[in-house]
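Colleague: sequence-free structure coming up:
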Ligand code: SAM
Ligand code: SF4
Ligand code: SF4
């Protein structure tokens with residue numbers, strides 16, 4: 001790790017054109033994945049010879065740590081490691097241990113499909129990883145396998161949950177993307193499985209991220225419909241969001257069975273509270289999940305920019321930010337603008 005150049009922690013992070021402050025950074029550590037989920041990296045679009053980023057193109061751990069330190073200096077407090085499948089990046093616990101030492105960073109989380117977690121949960125915990133979000137779209141072995149692009153087994157993700165529990169990760173977030181006529185029939189089974197555990201299941205509306213997942217609006221199951229189905233079986237009541245920047249609407253089971261969440265980016269967009277920046281594995285800064293272009297921080301890094309120049313470039317980019325894709329979805333889709341970065345390239 002290079003000797004860090006200390007940055008003074010700022011009082012207030014930069015604000016964009018809608019007064020949204022930069023407080024969270026999602027870091028994609030690799031664009032590869034061992035799954036081919038049809039809503040993200042469909043197998044017919046990404047055959048085995050698809051050219052993912054090579055080692056030279058990806059940011060090194062030193063480069064990621066340095067950028068994270070610069071973001072922290074600007075006011076970022078939360079980091080989330082994602083991908084692709086982040087656990088495919090070799091020595092990830094080493095990166096976590098570096099990130100955990102950055103002044104100002106008070107939360108490091110990981111989003112994963114879990115296949116490699118049984119091996120990595122212990123070193124990740126020791127390295128300082130705070131929280132894990134696991135993706136579980138179905139408990140039905142056939143449907144789970146189908147939604148992994150025929151790469152994953154439901155037994156593996158259950159083993160991943162057990163490994164996280166054994167290594168002190170406590171309450172997990174369990175993400176479940178719901179697609180009509182594909183896995184929506186299994187929603188109540190998922191609820192039944194996670195009710196009464198400390199884990200919080202969150203149903204995510206299927207989104208039109210990227211351009212290759214063949215998104216059709218009628219495959220989206222709106223939160224209101226899921227809420228009605230779940231409430232009919234187990235009555236729910238709303239819970240106040242912990243912070244404005246929580247993307248999930250929270251509910252609790254009236255009988256004490258714990259909590260559940262909904263991420264309604266299609267039916268109830270939350271752009272007004274979006275304080276997240278995203279860094280792709282090749283070092284591009286994206287200010288929206290649906291952006292078409294990123295800002296090349298790798299070129300600045302490798303061109304010799306010092307930390308102050310990097311911070312100024314990031315702040316400027318954030319201050320110019322006007323993104324509100326989900327709130328403007330209908331208008332932007334109708335305009336024929338069809339270039340959006342793929343989800344596996346910048347993480348969820
Ligand atoms: N590979 C890891 C995983 O699946 O957990 C991390 C990266 S993945 C891109 C992050 C999250 O994005 C996952 O929870 C996944 O379900 C979600 N996701 C991917 N494509 C999506 C889509 N089209 N709509 C909604 N969520 C999506
Ligand atoms: Fe891989 Fe995650 Fe995308 Fe599925 S959602 S293909 S596990 S990156
Ligand atoms: Fe944030 Fe873009 Fe999603 Fe809106 S559409 S919540 S601006 S990432």
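Modeller: Looks like it arrived, so ask away. Because the structure is predicted, anything quoted here is derived from the model rather than measured. Residues are numbered from 1 along each chain as shown. Ligands and ions are numbered 1, 2, ... in the order given.
Colleague: ok now the host helix or strand of residue 229, how far from the chain's centre?
Modeller: Assigned by DSSP states H and E, residue 229 belongs to helix 223-233. Chain-centre distance of helix 223-233: 25 Å, with Cα atoms, centre = their mean, to the nearest Å.
Colleague: that helix near ligand 1 anywhere?
Modeller: No. Counting by Cβ under 6 Å from any ligand atom, ligand 1 is not contacted by helix 223-233; separation bottoms out at 12.7 Å. Heads up, the C-betas are built off the backbone N, CA and C, glycines and all.
Colleague: please report phi then psi for residue 90.
Modeller: phi -60, psi 140 (degrees, to the nearest 10).
Colleague: would you check how far apart it and residue 22 are?
Modeller: According to Cβ to Cβ, to the nearest Å, residue 90 and residue 22 sit 29 Å apart.
Colleague: now swap in residue 172 and tell me
Modeller: Applying Cβ to Cβ to residue 172 and residue 22 gives a distance of 26 Å.
Colleague: higher neighbour count, residue 90 and residue 22?
Modeller: residue 22 (24 against 11; other Cβ atoms under 10 Å).
Colleague: close to ligand 3: what parts of this protein are there?
Modeller: 270, 271, 274, 288, 289, 290, 323, 324, 325, 326.
Colleague: now for those: which two are most distant?
Modeller: 270 and 290 (13.4 Å; Cβ to Cβ).
Colleague: show me the shaky parts of the protein.
Modeller: Residue ranges of the chain with pLDDT under 70: 1-11.
Colleague: output the set of residues of it in proximity to ligand 1.
Modeller: Of all the residues in the chain, those lying near ligand 1 are 33, 39-40, 82-83, 85, 111-113, 135, 175, 177, 204, 206-207, 209, 213, 343-344, 347-348, going by Cβ under 6 Å from any ligand atom.
Colleague: and the residue of the stretch 1-150 of the chain found nearest ligand 3, how many neighbours does it have?
Modeller: Here the stretch 1-150 of the chain gets closest to ligand 3 at one residue, residue 20, 8.1 Å apart by Cβ to the nearest ligand atom. For residue 20, the count of nearby residues is 23 (other Cβ under 10 Å).
Colleague: please, where are all the helices along the stretch 51-200 of the chain?
Modeller: 61-74, 92-99, 117-127, 141-147, 154-166, 187-194 (DSSP state H, counting those that start in this stretch).
Colleague: what's the most buried one of the ones you listed?
Modeller: helix 61-74 (a mean of 22; mean count of other Cβ atoms under 10 Å).
Colleague: show me what it is packed against.
Modeller: strand 24-28, helix 92-99, strand 276-279, helix 297-302, helix 307-319 (3 or more Cβ pairs under 8 Å, 6 or more residues apart in numbering; DSSP states H and E).
Colleague: tell me the contacts of residue 36?
Modeller: 42, 43, 46, 148, 149, 150, 151 (Cβ atoms under 8 Å, 6 or more residues apart in numbering).
Colleague: so for the residue of the stretch 1-150 of the chain closest to ligand 3, what's the nearest residue that isn't a sequence neighbour?
Modeller: Leaving aside its chain neighbours, residue 20 sits nearest to residue 275 (5.3 Å; criterion: Cβ to Cβ, 6 or more residues apart in numbering).
Colleague: got it, and residue 118?
Modeller: Nearest non-adjacent residue to residue 118, counting by Cβ to Cβ, 6+ apart: residue 163, 4.3 Å away.
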